[in-house]
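Chemist: Mind folding the following:
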Amino acid sequence: MSWVGRWTLRTLCTAGILCVFSFASHAQQPEDTSSQPDSSQQPVPDSPKPTSQDPNSSPTDTPPPTAGAPKPIDTTIKAAGSSIPWVGSTSLLKWGPFSVASLDYNYIRDQLDGTAGQPSTSIGLNVFSADLALDWMFKKNRFLLQYTPNLAIANGDVSTNAGLDNSIDFGTSIELSPRLTMTLKDQFSQVRSRRLFSENYLLSDVSTGNSMQANFLENSGTYLQDTFTVAFDYKWSPRTTITFQPEYRYLRTSSDQSDNPTQPSYRANQQMGAGSVAVTYALSPLSNIGVLDSVQYLRTLDVVTTETFYNTTQFFYSRQLSPSWFIQGLVGAQLNSQIGVPGHYWRLSAGATLIKQFQHSSISIAYMRGRGTTTTYTTNNSEDRVDVNYRVEFNRRLSANVGLGYYREAGQDPRTQAKYATADVRYLLAPAIYLSGEYSRRYQSSPDIQLISGNRNTYTFGVHWQPSPLPRH
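Modeler: Coordinates of the predicted model:
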């Protein structure tokens with residue numbers, strides 16, 4: 001085993017022993033929560049302001065309550081396709097723990113002007129989708145399973161490349177002790193051909209300061225992805241929290257002559273195992289500092305087998321400047337070592353997020369530098385990515401959203417580059433029912449056969465039924 005492999009094994013073992021030892025030592029001490037209040041406790045707002053993932057809420061002039069600063073590893077269970085924690089649904093279609101959280105119909109006109117030998121295409125689709133949720137609470141623990149099927153019909157045919165897309169999200173949070181919580185998550189998605197919805201690539205929650213840069217680059221064939229994480233959150237002291245999170249991801253992309261007659265058949269399999277440890281110290285209920293260390297093992301199969309280790313160490317700072325303004329930043333170094341290739345090298349790893357809620361609008365900005373895992377395409381090169389999202393509410397029924405983003409791989413050309421611009425308008429027709437119209441312009445250039453190269457214009461018109469979520473507690 002190489003020195004990187006031995007170092008990785010020692011890091012993961014040390015982190016696991018630390019969590020177990022902390023839990024064991026706490027079990028031998030009496031719990032006295034009444035005489036020692038948790039000064040880092042972060043109250044959650046009961047009536048959050050509407051966000052880009054909650055289009056049915058009415059705007060209000062009252063700023064959201066204090067939520068506290070974000071942490072370097074977010075272990076909360078999210079609503080599918082959102083950065084907002086799942087709190088339940090007010091859906092009328094609810095039977096015990098099972099509910100239909102939303103129903104959607106979209107008409108999509110998608111035009112691709114291909115470059116680098118890829119053909120140009122234009123398709124019109126009718127897409128029906130639903131969000132089905134199984135939410136079960138037992139004591140202080142939660143079990144959540146969300147299934148989001150999409151059925152696309154093109155010219156009366158449902159067996160085309162855009163035929164049937166599916167995603168399944170699973171999450172459960174178990175309180176092992178008053179100080180130790182375990183959270184398990186699994187996200188599975190299957191997309192046949194390129195992504196049809198531009199969506200908001202930067203998902204943000206203006207009431208908690210959390211954000212997520214969603215998948216950006218687009219594959220030219222079918223891809224299947226599954227990501228599983230288990231996180232342990234341990235309250236070492238009223239101000240100090242230790243988080244340990246192992247992760248496994250499997251990604252498979254493929255294409256054949258029926259998908260694209262002008263391209264050769266290909267298949268690419270990638271697997272990633274990772275472990276992250278974060279120590280967070282609350283300077284106050286509104287600010288956190290900490291250290292985050294993560295180790296990643298990336299194995300790529302088909303066409304060429306490669307094995308690469310990444311070790312990233314970063315310093316973290318976050319602060320809630322006001323009830324409606326959050327900032328956070330990460331800066332550190334990343335070590336890259338590829339098995340079978342002599343030598344290794346260091347590179348800068350950094351990130352920053354700003355979220356600001358105004359009276360009737362909000363803005364979110366996120367930047368990432370390093371080797372990320374927010375796309376369905378895996379590269380050993382360093383990456384730069386920046387996203388900006390602005391949302392405005394003209395009145396209680398009409399709102400609009402604008403997003404911009406840019407991505408590039410480090411190094412010399414040819415290299416992967418991409419950018420996008422999206423704009424959508426939503427109108428609340430009746431309680432829980434709204435109409436939407438969206439336009440997106442996307443450009444992508446890549447020497448890799450797995451990725452689309454060309455300009456895309458997508459027009460979307462939809463009708464949606466989506467009840468508001470339950471108030472947060």
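
Chemist: quick one: low-confidence parts of the protein?
Modeler: Within the chain, the segments meeting pLDDT under 70 span 1-67, 116-119, 155-156, 158-164, 192-199, 256-266, 302-303, 372-378, 380, 472-473.

Chemist: where exactly do the helices run in it?
Modeler: 3-27 (DSSP state H).

Chemist: I'd like to know how many residues surround residue 414.
Modeler: As a burial measure, residue 414 scores 12 neighbours (other C-beta atoms under 10 Å). Every residue, glycine included, has its C-beta placed from N, CA and C.

Chemist: Can you verify my assumption that it contacts residue 453?
Modeler: No. Residue 414 is beyond contact range of residue 453, at 10.0 Å (criterion: C-beta atoms under 8 Å).

Chemist: and stretch 297-317, how far apart are its ends?
Modeler: 26 Å (C-alpha to C-alpha, to the nearest Å).

Chemist: quick revisit: overlap in contacts, residue 414 and residue 453.
Modeler: By C-beta atoms under 8 Å, 6 or more residues apart in numbering, residue 414 and residue 453 have these common neighbours: residue 446.

Chemist: How much space separates residue 331 from residue 405?
Modeler: Distance of residue 331 to residue 405, given as C-beta to C-beta, to the nearest Å: 22 Å.

Chemist: So between the two, which is more surrounded?
Modeler: Legend: neighbour count by other C-beta under 10 Å for residue 331 and residue 405, higher for residue 405 (20 against 14).

Chemist: leaving aside the residues next to it on the chain, what's closest to the more buried one?
Modeler: Excluding the flanking residues, the one nearest residue 405 by C-beta to C-beta, 6 or more residues apart in numbering is residue 387, at 4.4 Å.

Chemist: ok, the one you found to residue 110 distance?
Modeler: 22 Å.

Chemist: Which one of those two is surrounded by more residues?
Modeler: Per other C-beta under 10 Å, whichever of residue 387 and residue 110 has more neighbours is residue 387, with 26 against 22.

Chemist: I figured that one hits residue 201, correct?
Modeler: Yes. Residue 387 lies in contact with residue 201 (C-beta under 8 Å); the separation is 5.7 Å.

Chemist: Overlap of the contact sets of those two?
Modeler: With C-beta under 8 Å, 6+ apart, residue 387 and residue 201 have common neighbours 213, 403, 405.

Chemist: So what sits opposite the first one in the bridge?
Modeler: So the one you mean is residue 213. residue 202 (DSSP bridges).

Chemist: and the gap between residue 282 and residue 268?
Modeler: Residue 282 is 43 Å from residue 268, by C-beta to C-beta.

Chemist: same thing with residue 424?
Modeler: For residue 424 relative to residue 268 (C-beta to C-beta), the value is 32 Å.

Chemist: likewise residue 298?
Modeler: Residue 298 sits 13 Å away from residue 268, going by C-beta to C-beta.

Chemist: residues in contact with residue 333?
Modeler: The contact partners of residue 333, taken as C-beta under 8 Å, 6+ apart, are 312-313, 346-349.

Chemist: what's the burial count for the residue lying closest to residue 245 once chain neighbours are set aside?
Modeler: Nearest non-adjacent residue to residue 245, counting by C-beta to C-beta, 6+ apart: residue 231, 4.2 Å away. Neighbourhood size, residue 231 [other C-beta under 10 Å]: 21.

Chemist: Repeat that for the one 5 residues further on.
Modeler: Around residue 236 there are 16 other residues, counting by other C-beta under 10 Å.

Chemist: Residues in a beta bridge with the residue nearest to it when sequence neighbours are not counted, which ones?
Modeler: Of all residues not flanking residue 236 in the chain, residue 242 sits nearest, at 5.4 Å (C-beta to C-beta, 6+ apart). Per DSSP bridges, the residues bridged to residue 242 are residue 234, residue 279.

Chemist: With residue 400 instead?
Modeler: Judged by DSSP bridges, the bridge partners of residue 400 are residue 392, residue 425.

Chemist: Any idea how far apart the tips of stretch 425-435 sit?
Modeler: Stretch 425-435 has an end-to-end distance of 8 Å (criterion: C-alpha to C-alpha).

Chemist: what's next to it, contact-wise?
Modeler: Under C-beta under 8 Å, 6+ apart, the answer for stretch 425-435 is 55-56, 396-401, 436-438, 461-468.

Chemist: List buried residues within those.
Modeler: Neighbour-count burial (16 or more other C-beta atoms under 10 Å) is assigned, among these, to 55-56, 399-401, 436, 438, 462, 464-468.

Chemist: Filter those down to the ones in strands?
Modeler: Taking DSSP state E, the ones among those that sit in strands are 399-401, 436, 438, 462, 464-465.

Chemist: Tabulate the residues you listed (CSV), appending distance to residue 88.
Modeler: Shown next, in CSV, are those (distance: C-beta to C-beta, whole Å):
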residue, distance to residue 88
399, 23
400, 28
401, 25
436, 24
438, 28
462, 24
464, 19
465, 17
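
Chemist: Which two among those residues are spaced furthest apart?
Modeler: 400 and 465 (20.6 Å; C-beta to C-beta).

Chemist: re earlier: these two touch, right, the residue nearest to residue 236 and residue 281?
Modeler: No. Contact criterion C-beta under 8 Å: residue 242 and residue 281 do not qualify, at 10.4 Å.

Chemist: okay, these two: which has more neighbours?
Modeler: residue 242 (21 against 16).

Chemist: Can you name the residues bridging to the closest residue to residue 354 other than its chain neighbours?
Modeler: Leaving aside its sequence neighbours, residue 354 sits nearest to residue 365 (C-beta to C-beta, 6+ apart; 4.7 Å). For residue 365, the beta-bridge partners are residue 354, residue 388 (DSSP bridges).

Chemist: and residue 128, how many neighbours does it have?
Modeler: 13.

Chemist: And residue 139, by the same measure?
Modeler: As a burial measure, residue 139 scores 7 neighbours (other C-beta under 10 Å).

Chemist: With residue 269 instead?
Modeler: Residue 269 has 16 nearby residues by other C-beta under 10 Å.

Chemist: Run through the residues that contact it.
Modeler: Contacts of residue 269 by C-beta under 8 Å, 6+ apart are 250-252, 300-302.

Chemist: That one bridge partners, please.
Modeler: Counting by DSSP bridges, residue 269 is bridged to residue 252, residue 301.

Chemist: repeat for residue 438
Modeler: residue 424, residue 460.

Chemist: who touches it in this structure?
Modeler: Contacts of residue 438 (C-beta under 8 Å, 6+ apart): 198, 422-425, 458-462.

Chemist: ok, now how distant is it from residue 462?
Modeler: Taken as C-beta to C-beta, the span from residue 438 to residue 462 is 8 Å.

Chemist: cool, and residue 441?
Modeler: 19 Å.

Chemist: Residue 208: neighbouring residues, count only.
Modeler: 26.

Chemist: Report the contact partners of the closest residue to residue 329 other than its chain neighbours.
Modeler: Excluding the flanking residues, the one nearest residue 329 by C-beta to C-beta, 6+ apart is residue 352, at 4.6 Å. Residues near residue 352 by C-beta under 8 Å, 6+ apart: 327-330, 365-367.
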